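J.: Sequence first, predicted model second:
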Amino acid sequence: MLKSTLVSILLTAFILLTACAGGPNQSNTAVNTPGNDVTQTESQRPLNGNSVVKEQDITETDLEDVSNFDSGMFIDLKSYEDQLTEENVSALTALEKNLVALVEHNNTDYNAGFVNEKLVDAMKYYYGEQFQYRFTAIESIEPNPMNGNLHITVTGQRLDTNTQTIEDVKMMYALGQNDQGDWVVYTID
């Protein structure tokens with residue numbers, strides 16, 4: 001009797017968990033945007049002057065067609081300032097410079113944003129002439145209480161022109177202040 005009751009309870013729990021989890025085509029991904037909206041819905045002007053793209057316009061069909069790939073920085077970083085303390089707002093400027101440098105293939109600006117030359121060499125993978133980036137959202141902004149750095153996760157897509165493939169990217173930036181008090185990139189993961 002105890003065995004059959006236990007099996008019934010476990011079966012019921014399994015059914016409930018399966019039903020609550022959703023199907024395989026249902027997305028459980030949320031974007032941490034100002035005001036805790038699930039996704040960004042407004043058009044945003046890219047900082048590199050390319051055409052305006054709405055996040056909801058970026059569909060899987062568009063991702064498969066490399067000829068329609070529109071690189072750019074489509075994140076309104078000013079809208080995230082309220083999530084940071086006043087002394088940490090400058091971190092967004094350092095992030096913006098690095099993202100725009102990737103989009104515009106500006107090697108000088110890209111390299112200048114890192115804490116040291118050793119890190120520049122380690123992060124060369126992200127900067128490549130074959131890559132075109134489209135940054136569309138900030139997934140999270142998290143302070144690191146151990147060292148005062150900020151971990152900012154940026155999402156978007158990257159076109160590899162060598163292989164003619166587009167992939168979703170999620171890049172976590174660890175930003176911190178150097179000895180001069182300037183915000184710089186400590187790593188990208």
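T.: Ah, there it is.
J.: Strands of the protein, start to end?
T.: All strands of the chain, identified by DSSP state E, fall at 72-73, 131-143, 150-160, 165-177, 183-188.
J.: Go through the ones you listed and pick out the most buried.
T.: Mean neighbour count, computed with mean count of other C-beta atoms under 10 Å, is highest for strand 72-73 among the strands of the chain, reaching a mean of 25. For glycine as for every other residue, the C-beta is placed from the backbone atoms N, C-alpha and C.
J.: which stretches of the chain have low pLDDT?
T.: Low-confidence segments of the chain (pLDDT under 70): 1-64.
J.: that older thread, could you save the strands of the chain as JSON lines and add columns showing distance to Glu87?
T.: Below are the strands of the chain laid out as JSON lines (distance: least, C-beta to C-beta, whole Å):
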{"stretch": "strand 72-73", "distance to Glu87": "24"}
{"stretch": "strand 131-143", "distance to Glu87": "11"}
{"stretch": "strand 150-160", "distance to Glu87": "11"}
{"stretch": "strand 165-177", "distance to Glu87": "9"}
{"stretch": "strand 183-188", "distance to Glu87": "10"}
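J.: right, so of those strands, which gets closest to Thr93?
T.: Between Thr93 and these, the tightest spacing by C-beta to C-beta is seen for strand 183-188, at 6.9 Å.
J.: ok, and what's touching the closest one?
T.: If you take C-beta atoms under 8 Å, 6 or more residues apart in numbering as the criterion, strand 183-188 is touched by 90-91, 93-95, 98, 113-115, 119, 122-123, 126, 149, 171-178.
J.: try 10 Å this time
T.: 87-95, 97-98, 102, 110, 112-116, 119-120, 122-123, 125-127, 144, 147, 149-151, 154, 171-178 (C-beta atoms under 10 Å, 6 or more residues apart in numbering).
J.: what does stretch 128-135 give?
T.: So stretch 128-135 is contacted by 46-47, 50, 53, 58, 63, 66, 69-75, 95-96, 99-100, 102-105, 107, 125-127, 154-163, 166, 169, 171 (C-beta under 10 Å, 6+ apart).
J.: mind running it again at 6 Å?
T.: Contacts with stretch 128-135, where a contact means C-beta atoms under 6 Å, 6 or more residues apart in numbering, come from 71-73, 75, 99, 102-103, 154, 156-162.
J.: Stretch 147-156 now?
T.: The contact list for stretch 147-156 (C-beta under 6 Å, 6+ apart) reads 91, 95, 134-144, 169-176.
J.: now, the most widely separated pair of the contacts of stretch 128-135?
T.: Ile75 and Asn162 (26.0 Å).
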